[in-house]
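Novice: would you be able to build a 3D model of this:
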Amino acid sequence: MALGDELPNEVEAIFRESWTKRDGNVVPESEDLRLANDSVELDAVVLYADIDASTSLVDNHKPHFAAEVYKSFLHCAAKIIRSEGGSITAYDGDRIMAVFIGDPKNNPATRAALKLNYARIHIINPALKKQYPNTGYELRHTVGIDAGHLWVARTGVRGANDLVWVGRATNHAAKLCTLSADYPTRITKEVFNALNEDLKTSNGKPMWELRSWTDMGRDIYRSNYWWRI
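Specialist: Below you'll find the predicted structure:
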């Protein structure tokens, strides 16, 4: 069958087929779901971490330098996320996505974000400057965190497929990463309200600033604090 005939039939089947769904108590792997309309539902916290101005990095520096920045950032992010109990669900160029489930989940996700800020300031940029003392480049990044209900499904074709994470938390965490890197960490009000006090204040001072996210009609908190690894 020609592709032009095959695709309409397959797309119609996707919309027509009933969904099977189940509640999840672990973050699923791709193999846990069928390519048919099969899904797992989770209450989760989603973390996105992204290198700021990566296009400028690639355009204005040699490929090996940009690759080393990418690798250093993503390596630290992955190690920190796993140390806090998060599951890495995707790498996309210069960004990483992770999901935290269970109770608590807001605290370790937020702590991971603050630890990544520590790694950028005290580990990555000093190592970069030591190796390349004449470069004017300094790594900046953003992290966005939101909490909510996720619908996880498997998409693609046999031999080339992956999971999609459908829900407001996924989209909004990613969108928070597009805001200014002057404040590397942003969390939604729902995440902030669930935090322990030691993640809200430092030496009696607030670690977060409340802001109105007018584009999305939500309240968010931003911070430039770090948490020692």
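Novice: quick one: buried residues of the helix or strand hosting H64?
Specialist: Using DSSP states H and E, the secondary-structure element containing H64 is helix 63-83. Neighbour-count burial for helix 63-83, counted by 16 or more other CB atoms under 10 Å, picks out 65-66, 68-70, 72-74, 76-78, 80-81. Every C-beta, even on glycine, is put in place using the N, C-alpha and C of the backbone.
Novice: which positions in the lengthiest strand in the chain come out as buried?
Specialist: Taking DSSP state E as the criterion, the chain has its longest strand at strand 141-157. Going by neighbour count (16+ other CB under 10 Å), the buried part of strand 141-157 is H141, T142, V143, G144, I145, D146, A147, G148, L150, V152, A153, R154.
Novice: now do the contacts for the second one.
Specialist: Going back to what we said before, that points to T142. A49, D50, D52, L176, C177, T178, L179, S180, A181, P184, T185, R186 (CB atoms under 8 Å, 6 or more residues apart in numbering).
Novice: could you identify which of those residues has the most neighbours?
Specialist: For the contacts of T142, counting by other CB atoms under 10 Å, the largest number of neighbours falls to A49: 30 neighbours.
Novice: please name every helix or strand in contact with the helix or strand encompassing that one.
Specialist: Element membership of A49, judged by DSSP H and E, is strand 38-51. Here strand 38-51 touches strand 20-23, helix 63-83, strand 95-100, helix 106-119, strand 141-157, helix 168-176, going by 3 or more CB pairs under 8 Å, 6 or more residues apart in numbering; DSSP states H and E.
Novice: neighbouring strands of that strand in the sheet, and parallel or not?
Specialist: strand 20-23 (parallel), strand 95-100 (antiparallel), strand 141-157 (antiparallel) (DSSP bridges).
Novice: give me the most central residue, the protein.
Specialist: In the chain, the centroid-proximal residue (CA atoms, centre = their mean) is Y48; its distance is 1.6 Å.
Novice: which residues touch the residue nearest to L74 when sequence neighbours are not counted?
Specialist: Distances taken as CB to CB, 6 or more residues apart in numbering place I96 nearest to L74, at 5.7 Å, with adjacent residues excluded. For I96, the set of contacting residues under the criterion of CB under 8 Å, 6+ apart consists of Y48, A49, L74, A77, A78, I81, I88, A90.
Novice: which among those residues gets closest to N106?
Specialist: Within the contacts of I96, distances to N106 taken as CB to CB reach their minimum at I81, with 14.3 Å.
Novice: distance check, that closest one against K105.
Specialist: For I81, the distance to K105 equals 12 Å [CB to CB, to the nearest Å].
Novice: W226 in helix, strand or coil?
Specialist: Under the three-state scheme (DSSP: H, G, I helix; E, B strand; the rest coil), W226 adopts coil.
Novice: what number of residues lie near it?
Specialist: W226 has 20 neighbouring residues, counting by other CB under 10 Å.
Novice: tabulate the helices and strands packed on strand 38-51 (CSV), appending mean pLDDT.
Specialist: As requested, the helices and strands packed on strand 38-51 are exported to CSV (pLDDT from 0 to 100):
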stretch, mean pLDDT
strand 20-23, 75
helix 63-83, 95
strand 95-100, 96
helix 106-119, 98
strand 141-157, 90
helix 168-176, 96
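Novice: and of the ones you listed, who's closest to E10?
Specialist: Using CB to CB as the measure, strand 141-157 is the one of the helices and strands packed on strand 38-51 that comes nearest E10, at 9.3 Å.
Novice: quick check: next helix or strand after the closest one?
Specialist: Heading C-terminal from strand 141-157, the first helix or strand you meet, by DSSP H and E, is strand 160-166.
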